[in-house]
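A.B. asks: Everything below, folded, please.
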Amino acid sequence: MSLTMTQPTIRRLPAQTVNRIAAGEVVERPASVVKELVENALDAGATRIEIAAENGGLSRLLVEDNGKGMSAEELDLCVERHATSKLPLGEDGQDDLLNISTMGFRGEALPSIGSIARLAIISQARGAGDAWSINVEGGHSDGVAPVAPLGRPGTRIEVRDLFYATPARLKFLKSERAENLGITDVVKRLAMSRPDVGFFLTQDGRKRLSIAAESGDDSEAHKARMTAVIGADFGANALEVNQEREGVRVIGFASLPTYSRGNAMHQYLFVNGRPVRDKLLGGAVRGAYQDFLARDRHPVVALNVELPTGQVDVNVHPAKAEVRFRDAGLVRGLIVGALRHALAAAGHRASTTVAGHALGAVRPEGYQPPPGVQYQAAQHSALWGRMPGPQQPGVFEPGMSARIESDNAPDFADGAVPQPPTPDWPLGTARAQLHETYVIAQTADGIVIVDQHAAHERLVYERMKKMLAETGVQRQRLLVPEIVDLEESEAQRLLDRSHELAELGLVIEGFGSGSIAVRETPALLKKLNVQGLIRDLADDLAEYDQALSLKEKLEDVVGTMACHGSVRAGRRLNGEEMNALLREMEATPHSGQCNHGRPTYVELKLADIERLFGRR
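C.D. replies: Presented below is the predicted three-dimensional model:
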């Protein structure tokens with residue numbers, strides 16, 4: 001049986017089909033239309049942009065700006081494919097595709113939108129007394145016509161019945177709520193890139209965003225805009241980022257590790273002010289925080305990479321969502337270094353939301369004390385006056401804390417000795433240990449509750465990292481080697497990495513089939529559960545890419561060691577040990593969170609506690 005092959009016939013596609021193909025690349029959903037139109041408004045020099053959407057943007061979208069507007073000739077050209085005012089000419093008189101300084105440049109947005117929707121544009125050029133309009137429906141224009149003046153320069157674009165000309169596309173859209181959220185997210189990202197512009201969003205007649213233009217210092221203006229968009233909590237927990245290297249600069253704000261989210265939707269990344277969702281930038285953020293957050297937690301960041309336009313190609317994606325850097329390694333290294341520098345400068349700070357979450361768990365939101373339950377300040381003072389103050393060191397009530405023998409005491413900071421308490425200590429003075437797990441400290445204006453295991457795990461982790469970077473991890477020889485029985489494949493994985501483990505202070509040898517002999521352990525891990533450590537390391541190594549060295553997976557390996565070598569929950573500490581823990585936390589960067597991004601302490605101000613009991 002033979003098959004007859006039909007030879008393909010090459011033909012030119014009609015303009016309408018070409019426009020619809022282009023629309024499929026540029027206009028994925030209503031949010032894509034909003035993005036293109038708002039970017040055009042920004043390129044036109046607008047300082048106020050109003051956006052309205054109905055039915056998730058499918059029925060109607062309206063974008064109105066106070067930019068420079070367009071003349072009749074420009075209005076006629078703006079709906080033609082590949083017509084743009086944003087592509088600069090090079091020294092040779094040719095279009096320069098490598099130095100793009102505007103938000104848009106392809107000249108495809110308006111004709112693409114007009115090919116799949118009903119598009120109406122009214123514009124009044126700056127300095128002109130008249131206005132002009134043009135309508136495009138299904139790719140067909142009715143030409144430019146005069147209309148009543150707008151009374152100011154600017155452009156008003158209305159899009160109705162999106163995708164009416166390509167109804168099959170409607171089947172792939174999400175719910176109206178999801179499309180509204182997509183529009184909101186696009187406007188938020190654009191608003192964050194331009195604090196000097198006011199953004200106003202209305203959806204189905206309801207105001208969703210109303211963000212006035214910011215003025216003043218660039219850093220303060222950007223922080224105010226980010227706080228307005230993300231929320232006041234972000235402003236209180238944001239670290240400023242500002243680093244430059246070889247002509248590339250990264251500026252913005254990043255959250256403390258304890259202020260994190262369950263997904264990466266709240267990471268706002270920009271390149272020369274252009275919002276992007278770039279894998280390189282997202283990976284750099286993950287790399288910077290991998291030391292501080294569990295894999296399922298994500299920081300909140302708003303970062304802008306500034307570099308010469310010739311060093312970045314913004315022409316690699318139809319929707320301009322991705323970019324390509326000439327020196328990707330430089331950009332990634334700069335972002336990682338800048339974020340880690342900011343995190344190190346934060347010291348032991350933990351998120352201000354930790355206390356709020358703790359109080360919310362104790363008392364339902366909106367709780368009000370019963371009528372008539374009010375307390376006098378004198379009663380309040382009397383209660384707290386009975387507690388040991390900063391000038392009463394070492395006072396512990398019977399049953400509040402139990403002392404342990406000195407040979408079981410954990411080794412905190414090298415050479416740490418008790419010092420007289422002072423109200424200036426940020427984490428206060430230890431007053432009690434509860435349930436042999438939580439250290440209670442009194443500060444000048446509140447209390448601090450410390451998770452002793454999480455806190456000491458972080459301290460051990462930071463000490464091991466410092467040793468590895470400076471002198472290498474010191475080892476201690478076991479009097480009797482510890483034998484650990486494993487699966488033969490698990491044992492082999494560990495033995496294959498024995499040299500690298502030795503650099504981390506762990507010396508192992510094979511001891512028959514499937515067994516490991518542990519001869520030396522890191523010196524700073526005093527009472528170490530060797531069996532548990534070896535088994536956990538074997539599990540960790542099973543997940544690693546064999547091409548990676550253990551140093552490249554330092555945070556996981558050292559974190560596992562630190563967890564096994566830290567003060568465990570259920571271990572009783574005396575006053576000197578608790579205060580030594582607090583002092584070392586104050587002196588150690590990143591001690592406000594454990595190796596998984598959870599807080600190591602909760603601070604409650606007196607005002608918070610008073611509200612909890614209805615005193616305020």
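
A.B. asks: ok, and the closest non-adjacent residue to Ala346?
C.D. replies: Residue nearest to Ala346 in three dimensions, not counting chain neighbours: Leu239, with 5.6 Å by C-beta to C-beta, 6 or more residues apart in numbering. All C-beta spots, glycine's among them, are computed from the backbone N, C-alpha and C.

A.B. asks: Which secondary structure elements does the helix or strand hosting the one you found sit against?
C.D. replies: Assigned by DSSP states H and E, Leu239 falls within strand 238-245. On a contact count with 3 or more C-beta pairs under 8 Å, 6 or more residues apart in numbering; DSSP states H and E, strand 238-245 meets helix 218-230, strand 248-255, helix 328-345.

A.B. asks: The longest one vs strand 238-245, what angle?
C.D. replies: Think helix 328-345. Here the directions of helix 328-345 and strand 238-245 differ by 140 degrees (axes from the mean of the first three to the mean of the last three C-alpha atoms, to 10 degrees).

A.B. asks: Give me the helices and strands touching helix 328-345, please.
C.D. replies: Against helix 328-345 (3+ C-beta pairs under 8 Å, 6+ apart) you get strand 238-245, strand 248-255, helix 279-289, strand 301-306.

A.B. asks: Was I right to think Glu490 contacts Asp536?
C.D. replies: No. Contact between Glu490 and Asp536 fails when scored by C-beta atoms under 8 Å: they sit 11.0 Å apart.

A.B. asks: ok, now how distant is the residue nearest to Ala346 from Leu343?
C.D. replies: Using C-beta to C-beta, to the nearest Å, Leu239 is found at 7 Å from Leu343.

A.B. asks: Same question for Arg349.
C.D. replies: 10 Å.

A.B. asks: When these two are compared, which one has more neighbours?
C.D. replies: Leu343 (24 against 19; other C-beta atoms under 10 Å).

A.B. asks: and Ala72, how many residues sit next to it?
C.D. replies: So Ala72, with other C-beta under 10 Å, has 19 neighbours.

A.B. asks: Could you report the pLDDT at it?
C.D. replies: Listed pLDDT for Ala72 reads 93.

A.B. asks: Over to Gly366?
C.D. replies: 48.

A.B. asks: Next, Ala165: phi, psi?
C.D. replies: phi -80, psi -10 (degrees, to the nearest 10).

A.B. asks: Local confidence estimate at it?
C.D. replies: Ala165 is given a pLDDT of 83.

A.B. asks: looking at the protein, which helix or strand is least sure?
C.D. replies: helix 377-385 (a mean of 34; mean pLDDT, DSSP states H and E).

A.B. asks: could you say what helices and strands the top strand by length along the chain packs with?
C.D. replies: Longest strand of the chain, by residue count under DSSP state E: strand 475-485. Packing partners of strand 475-485 (3+ C-beta pairs under 8 Å, 6+ apart): strand 515-522, helix 530-543.

A.B. asks: can you do 10 Å?
C.D. replies: helix 488-496, strand 507-510, strand 515-522, helix 530-543 (3 or more C-beta pairs under 10 Å, 6 or more residues apart in numbering; DSSP states H and E).

A.B. asks: Flag every buried residue along stretch 200-214.
C.D. replies: For stretch 200-214, burial by neighbour count (16 or more other C-beta atoms under 10 Å) applies to Phe200, Leu201, Thr202, Gln203, Arg208, Leu209, Ile211, Glu214.

A.B. asks: Return the backbone torsion pair for the most centrally placed residue in the chain.
C.D. replies: Nearest residue to the geometric centre of the chain (C-alpha atoms, centre = their mean): Val300, 2.6 Å. Backbone torsions for Val300, taken as degrees, to the nearest 10, come to phi -100, psi 120.

A.B. asks: what does the model give it for pLDDT?
C.D. replies: Listed pLDDT for Val300 reads 93.

A.B. asks: how much space between it and Asp291?
C.D. replies: 17 Å.

A.B. asks: Likewise for Ala346?
C.D. replies: 13 Å.

A.B. asks: more neighbours, the two?
C.D. replies: Per other C-beta under 10 Å, whichever of Ala346 and Asp291 has more neighbours is Asp291, with 20 against 17.

A.B. asks: wait, isn't Glu487 in contact with Ile516?
C.D. replies: No. Glu487 is beyond contact range of Ile516, at 11.1 Å (criterion: C-beta atoms under 10 Å).

A.B. asks: Compare those two (neighbour count), which wins?
C.D. replies: Ile516 (26 against 11).

A.B. asks: mind checking pLDDT for the more buried one?
C.D. replies: 94.

A.B. asks: how about it, what does it touch?
C.D. replies: 481-486, 490-492, 494-495, 498, 508-510, 530, 534-535, 537-538 (C-beta atoms under 10 Å, 6 or more residues apart in numbering).

A.B. asks: Pull up the gap between the closest residue to it other than its chain neighbours and Phe511, please.
C.D. replies: Sequence neighbours aside, Val484 is the residue nearest to Ile516 in space, at 4.7 Å (criterion: C-beta to C-beta, 6+ apart). The gap separating Val484 from Phe511 is 9 Å, by C-beta to C-beta.

A.B. asks: Mind listing the shared neighbours of these two?
C.D. replies: Ala491, Ala517, Val518.

A.B. asks: ok, the first one touching Gly514?
C.D. replies: Yes. If you go by C-beta under 10 Å, Ala491 and Gly514 touch, sitting 5.1 Å apart.

A.B. asks: returning to what we had before: overlap in contacts of Ala346 and Asp291?
C.D. replies: When contacts are counted by C-beta under 10 Å, 6+ apart, the set common to Ala346 and Asp291 consists of Pro257, His590.

A.B. asks: OK, contacts around the residue nearest to the centre of the chain?
C.D. replies: Here Val300 is in contact with 226, 230-231, 233-234, 237-238, 253-256, 259-261, 264-268 (C-beta under 10 Å, 6+ apart).

A.B. asks: Could you list the low-pLDDT ranges of this structure?
C.D. replies: Within the chain, the ranges that satisfy pLDDT under 70 run 1-8, 16, 18-26, 84-108, 217, 315-321, 350-423, 544-556, 565-566, 568-569.

A.B. asks: related to what we said a few turns ago, now for Glu487 and Ile516: what residues contact both?
C.D. replies: Common neighbours of Glu487 and Ile516 (C-beta under 10 Å, 6+ apart) are Ala538.

A.B. asks: buried set for stretch 287-305?
C.D. replies: Buried, per 16+ other C-beta under 10 Å, within stretch 287-305: 288-289, 291-293, 297-305.
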